[in-house]
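Q: Give me a 3D structure for the following:
(one chain, ligands or ions: 1)
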Amino acid sequence: MDALRKALTHARFLSIAWLVVVSPSAMAFIFADGTHADCIARGATVMEAEASPGDVVYQLGRVAIAAPTASGYRIVWNTNKLKTLPPEMHDFIFFHECAHARLPTTDELRANCAGLKEMRSAGKAGFAVEAKLAAFYGPRNSYWENTLTCANGGKDGAGASQ
Ligand SMILES: [Zn+2]
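A: Sure, this is the predicted structure:
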């Protein structure tokens, strides 16, 4: 009897663990070096989810969409596209999307600028990494040049840095 109860308890534990592991495509961002980060905005963890094929992020061909929800922000990742990015860009896009939630803003330059500043603060940017990011955007790319001007100047292009 005791063994049966133990077995049942164990089975219940396993089913709960299974639910936690596969619960609705929630995901945590893993950097190229294998470390993990949460996006924190106004003291709360921003929910991240893996998009299912057919989701708008796939339809638009975007890597991710950060969008407001009733309770904050949510980042939906196109993991198929994310994993095709070079490691520096793969990591930068986390800071970019998180910046949308942190500021908050829908402005791409402000998100890029704040994201780069945050990436530098996290010790994940710097000359070598930023040279790779510049190469990804392409020579004399005005979006990247404006991002650098903003991040180096300590302003974010529209007034607020956080
Ligand atoms: Zn963006």
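Q: Please point out which parts of the strand or helix carrying Met119 sit buried.
A: Assigned by DSSP states H and E, Met119 belongs to helix 108-121. Across helix 108-121, burial judged by 16 or more other CB atoms under 10 Å covers 109-120. C-beta: built from backbone N, CA, C; applies to glycine.
Q: restrict those residues to contacts with the ion.
A: Residues of those in contact with the ion (CB under 5 Å from the ion): Ala111.
Q: what's the closest of the buried residues of helix 108-121 to Ile93?
A: Of all the buried residues of helix 108-121, Gly115 has the smallest distance to Ile93: 8.2 Å, by CB to CB.
Q: so who does the closest one touch?
A: In this structure, Gly115 makes contact with 92, 95-99, judged by CB atoms under 8 Å, 6 or more residues apart in numbering.
Q: what's the next secondary structure element after the helix holding Met119?
A: Toward the C-terminal end, the helix or strand that comes next after helix 108-121 (DSSP H and E) is helix 127-137.
Q: Mean confidence (pLDDT) on that following helix, please.
A: Mean pLDDT, helix 127-137: 98.
Q: same check, this time on stretch 152-162
A: Model confidence over stretch 152-162, given as mean pLDDT, is 55.
Q: list the contacts for the nearest residue to Lys83 once chain neighbours are set aside?
A: Distance criterion CB to CB, 6 or more residues apart in numbering; nearest residue to Lys83, sequence neighbours excluded, is His90 at 7.5 Å. His90 is in contact with 31-32, 82-83, counting by CB under 8 Å, 6+ apart.
Q: Just the buried subset of those residues, written out for ChimeraX, thanks.
A: In ChimeraX syntax, the buried subset of these is picked out as below (16+ other CB under 10 Å):
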select :82
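Q: In TSV: the contacts of His90, plus pLDDT.
A: Shown next, in TSV, are the contacts of His90 (pLDDT from 0 to 100):
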residue	pLDDT
Phe31	97
Ala32	95
Leu82	96
Lys83	95
